[in-house]
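A.B. asks: Attaching a predicted model along with its sequence, questions to come.
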Amino acid sequence: MNDRIKKVNSLIKRELGKIIHSYLQEENFSLVTVTNVITSSDLYYADIFLNIFDKKEGKKLLDFLKRNIYHIQKELDKKLVLKYVPQIRFKIDKTQDFVDRIENLIEKAKEK
């Protein structure tokens, strides 16, 4: 990954975190964190990985963001000073689930 893509990822992560926070605050959703942004090498797409505090709300929250993606994208376009702003796609970050599963397995192994 080149430096430009790293900078774009960082910018998107910071600005989108603020935008998403304001959208979700209005709707009384639980805490959401933008954990990672992966932008394609041609800067056309950016996959936005979200960690959702209340796992039960995950699907509902993701559906809400996808329904509002046009408005969120427009806000991001205004905030970023780039010739082309990548199209965003939301995804749930499963890393924490994986970490929890590994920790549970380690605990079970210690008990034996």
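C.D. replies: That came through fine. Just so you know, these numbers come straight off a predicted model, no measurement behind them.
A.B. asks: how distant is the longest helix seen in the chain from the center of its chain?
C.D. replies: Looking across the chain with DSSP state H, the single longest helix is helix 3-27. Helix 3-27 sits 8 Å away from the centroid of its parent chain (Cα atoms, centre = their mean, to the nearest Å).
A.B. asks: who are the neighbours of the helix or strand that it is followed by, in terms of helices and strands?
C.D. replies: Under the assignment DSSP states H and E, the closest C-terminal helix or strand after helix 3-27 is strand 32-39. Identification of packing neighbours for strand 32-39 by 3 or more Cβ pairs under 8 Å, 6 or more residues apart in numbering; DSSP states H and E yields helix 3-27, strand 45-52. Backbone N, C-alpha and C define where each C-beta goes, glycine included.
A.B. asks: Including mean pLDDT and distance to residue 95, could those go into a markdown table?
C.D. replies: Formatted as a markdown table, the helices and strands packed on strand 32-39 follow (pLDDT from 0 to 100; distance: least, Cβ to Cβ, whole Å):
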| stretch | mean pLDDT | distance to residue 95 |
| --- | --- | --- |
| helix 3-27 | 92 | 15 |
| strand 45-52 | 94 | 8 |
